[in-house]
Structures are given as C-alpha cells and as structure tokens.
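>>> model this:
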Amino acid sequence: MSGPEAVMAAAVFGGGIWLLSPIARAMAERLRPRHDDAGRQHELAAKVERLQQDMLELEERLDFAERLLSKQRESARLGPS
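Predicted coordinates for the structure are as follows:
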C-alpha cells in the first residue's frame, strides 16, 4: 500500500470508528442493567409467586370438588341406604 492509499484507509477506518462509537455507546447503555430493572424483576417474581399460590389453592378446590362428585355418584349407584 502506498502513502496516499494508507492515509485514505486510515481516514476511512478512523471516520467509521468516529461515526460508530456513539451508536456502540448507546447500545451498551441499553444493555446495561439498571436499578429500576432489578425492582421490576423483584415485582415480577412476587407476582409469579402469588400466581403459584393461587394455582395451588385452585388445585386443592378442584380436588375437593372431584371427591364430592365421586362420593355423590357412588352413593347414587348404591341406591338409598
């Protein structure tokens, strides 16, 4: 590579870096975790835990209802005592 070509290559690469560095900085800033993200994560974890508790309660209620229905069907099959 001759002198003028090397200068042109350095100018192109330097200009590219100069133009792209703010974009790279902005992307890095968006990827960096923030304190409010940690609070949001804690809030979502609490909601998931609440939903799990609700699911457990619903499963217990469904189990109870199924047991009542099976008792009712069983007594209907046996007839009056």
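>>> what's the following helix or strand after the helix or strand bottoming out on mean pLDDT in the chain?
Lowest by mean pLDDT, DSSP states H and E among the helices and strands of the chain is helix 3-31, with a mean of 81. Next helix or strand after helix 3-31 toward the C-terminus (DSSP states H and E): helix 35-78.
>>> relative to the whole chain's centre, how far out is that following helix?
Centre-to-centre, helix 35-78 and its host chain are 22 Å apart (Cα atoms, centre = their mean, to the nearest Å).
>>> what does stretch 33-53 give?
Using Cα atoms, centre = their mean, the offset of stretch 33-53 from its chain centre is 10 Å.
>>> do stretch 8-16 as well
41 Å.
>>> buried sites along that stretch?
Neighbour-count burial for stretch 8-16 flags no residue at all (criterion: 16 or more other Cβ atoms under 10 Å). Just so you know, the C-beta spots here come from the backbone N, C-alpha and C atoms, and that holds for glycine as well.
>>> how close does residue 56 sit to residue 63?
As judged by Cβ to Cβ, to the nearest Å, residue 56 and residue 63 stand 11 Å apart.
>>> again but with residue 15, I slipped
Separation of residue 15 from residue 63 (Cβ to Cβ) stands at 70 Å.
>>> equivalent analysis for residue 12, please.
As judged by Cβ to Cβ, residue 12 and residue 63 stand 71 Å apart.
>>> same check, this time on residue 33
Applying Cβ to Cβ to residue 33 and residue 63 gives a distance of 42 Å.
>>> go on, residue 54?
Separation of residue 54 from residue 63 (Cβ to Cβ) stands at 15 Å.
>>> got it, and residue 52?
With Cβ to Cβ as the criterion, residue 52 and residue 63 are 17 Å apart.
>>> and for residue 50?
21 Å.
>>> got the CA coordinates for stretch 60-67 in PDB?
The C-alpha trace of stretch 60-67 is given here as PDB (Å, rounded to 0.1, in the frame of the first residue of the first chain):
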ATOM      1  CA  GLU A  60     -57.000 -28.100  46.200                       C
ATOM      2  CA  ARG A  61     -60.500 -26.800  45.500                       C
ATOM      3  CA  LEU A  62     -60.700 -28.900  42.300                       C
ATOM      4  CA  ASP A  63     -59.600 -32.000  44.200                       C
ATOM      5  CA  PHE A  64     -62.200 -31.400  46.800                       C
ATOM      6  CA  ALA A  65     -64.900 -30.900  44.200                       C
ATOM      7  CA  GLU A  66     -63.900 -34.100  42.400                       C
ATOM      8  CA  ARG A  67     -64.000 -36.000  45.700                       C
END
